[in-house]
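Chemist: 3D, please:
(one chain, ligands or ions: 1)
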Amino acid sequence: MAAQPDYDVLIVGGGPIGLALGLALRGSGISAGLVEARAAHSVHADPRPIALSHGSRLILERLGAWEQLVTATPIRRIHVSQRGGFGRVELDCMQAGLPALGYVVDYGRLAATLTAAFGRDVSCRRFSATVAGIENAALAATAVLETPSGRVRASARLLAVADGGMLQVAAVRVSDYGQVAVTARVTTGLPQQGIAFERFTPAGPLALLPFEEGYALVWTTTPDEARNLCELSEEAFLERLQHAFGQRVGAFRGATARASFPLALRVADRGAHPRTVALGNAAQTLHPVAGQGLNLGLRDAWELATTIRNTERGEIGTPRQLQAYHARRRIDRGGGVWFTDTLVRLFSNDIAPLRFARGLGLAALGAVPPARDFVLRRMTFGTRG
Ligand SMILES: Cc1cc2nc3c(=O)[nH]c(=O)nc-3n(C[C@H](O)[C@H](O)[C@H](O)COP(=O)(O)OP(=O)(O)OC[C@H]3O[C@@H](n4cnc5c(N)ncnc54)[C@H](O)[C@@H]3O)c2cc1C
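Modeler: Numbers count the residues shown, from 1 in each chain. Next comes the predicted model:
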């Protein structure tokens, strides 16, 4: 008789999505383990801001992690415009009938909150190790773990890979945007009013998200300019930002150190490995425009946990179960990829007729409630709404 796998589900990667999956499996009787390579303190140093949608808030509430995030900064209104062109649109939480369109947290805080919630769950074992390889067989997949005391193996009916795409468990389609996101916290003379600004420029979108008293900046631009922006003195950086953004929030007064993130679209196919599934950034890494990646990944985690919880233990990780999961995620994943990719490609240029058409599109979005409501729903709950 074949030996039983060590776990029903082994999660590779304790970023937000791996942790969310672990939390969503709590209390189900399913035996789960999670492997994370990074030391806890290095996760907290990740400076990227994350805009969580209202739909993600609902998932985090169900995972018991929202209470610790209630200080996240609400986004009450989103203002979208293009530099050097007419047309702009404002989306308001009242139009969506929601208390806020989203909430801004930093990645480190979110990861720390989920890690703490996960740590309270004794039913899921956490390994501090790096997965060095995966061995697949018909009835179980085995992860080879590099630990300080040597290599160990752990097998599972299903290996849920949420490693951000490092292991590449499936063929991946990569499309480099030739853009880099520069992040920083910035302040102006006035406290923020709960308004998020998305300003499209030919080099890439510039987002200013309300965060605590000031703003979190995600400035997408060419790799050369990004390098330059990171090296500038605070004063020179603020001057450049003022020039790029204009006067809509008054004069910029202060900026923290900057960090940079190269951007590419990466879409994994379902993968040829039985017993292995990719989710979160491992399944799709998106451009940060419109803040979709983590929100989409949370829905991956929630749907995978629901699929697993609703089937017999013997069914976990079977091709039939994975097929059902992929079918449930297909439209939302495809919609997220299409929405962000189209926005970036349509807006990151200075072609006059396109600029004009974009202006018309933005104006129409503001003037035609069904179009506006469609975008609001997409941003709040994903493509399946
Ligand atoms: C500048 C920027 C701004 C963004 N803003 C937003 C936003 O506003 N809203 C939004 O929804 N999304 C946003 N995103 C996207 C978001 O950051 C990602 O979608 C999200 O972090 C994906 O989470 P994840 O858990 O899948 O992967 P990750 O966050 O990459 O976590 C993967 C984890 O796996 C671990 N790991 C990797 N390899 C191994 C291994 N071999 N063994 C063990 N562990 C391993 C890593 O240490 C890590 O902890 C932004 C991205 C950027 C770059």
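
Chemist: what about Gly164, how many neighbours?
Modeler: 17 (other C-beta atoms under 10 Å). Where C-beta positions appear, they are placed from N, C-alpha and C, glycine not excepted.

Chemist: in the longest helix seen in the chain, what counts as buried?
Modeler: In the chain, with assignment by DSSP state H, the single longest helix is helix 319-347. Of all the residues in helix 319-347, those buried under the rule 16 or more other C-beta atoms under 10 Å are 321-322, 324-326, 328-329, 332-333, 335-337, 339-341, 343-344, 347.

Chemist: measure Glu239 to Gln179 for me?
Modeler: Computed as C-beta to C-beta, to the nearest Å, the Glu239 to Gln179 distance reads 22 Å.

Chemist: who has more neighbours, these two?
Modeler: More neighbours surround Gln179 than the other of Glu239 and Gln179, with 23 against 13 (other C-beta under 10 Å).

Chemist: figure out the helix or strand that the more buried one lives in.
Modeler: strand 172-188 (DSSP states H and E).

Chemist: just want the angle from that strand to helix 319-347.
Modeler: Strand 172-188 runs at 60 degrees relative to helix 319-347, counting by axes from the mean of the first three to the mean of the last three C-alpha atoms, to 10 degrees.

Chemist: give me the sheet partners of strand 172-188 and which way each runs.
Modeler: strand 214-221 (antiparallel), strand 252-255 (antiparallel), strand 259-268 (antiparallel) (DSSP bridges).

Chemist: average pLDDT for that strand?
Modeler: Averaging pLDDT along strand 172-188 gives 96.

Chemist: tell me the contacts of the residue of the stretch 51-200 of the chain found nearest the ligand?
Modeler: For the stretch 51-200 of the chain and the ligand, the shortest gap (C-beta to the nearest ligand atom) falls at Gly164, measuring 2.5 Å. If a contact means C-beta atoms under 8 Å, 6 or more residues apart in numbering, then Gly164 has 13, 15, 280-282, 285 as its contacts.

Chemist: hmm, try it at 10 Å
Modeler: 13, 15-18, 266, 280-282, 285, 297 (C-beta atoms under 10 Å, 6 or more residues apart in numbering).

Chemist: same question for Met94.
Modeler: 76-77, 101.

Chemist: next: Leu376.
Modeler: 54, 78, 91-93, 95-98, 101, 369.

Chemist: any quick ChimeraX command for the buried ones out of the contacts of Met94?
Modeler: ChimeraX command restricting these to the buried ones, with burial defined by 16+ other C-beta under 10 Å:
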select :76,77,101
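
Chemist: surely Phe211 touches Val186?
Modeler: Yes. Counting by C-beta atoms under 10 Å, Phe211 touches Val186, with 9.1 Å between them.

Chemist: give the intersection of the neighbour lists for those two.
Modeler: By C-beta under 10 Å, 6+ apart, the residues touching both Phe211 and Val186 are Leu217.

Chemist: now name the helix or strand holding Leu98.
Modeler: Secondary structure (DSSP H and E) places Leu98 outside all helices and strands.
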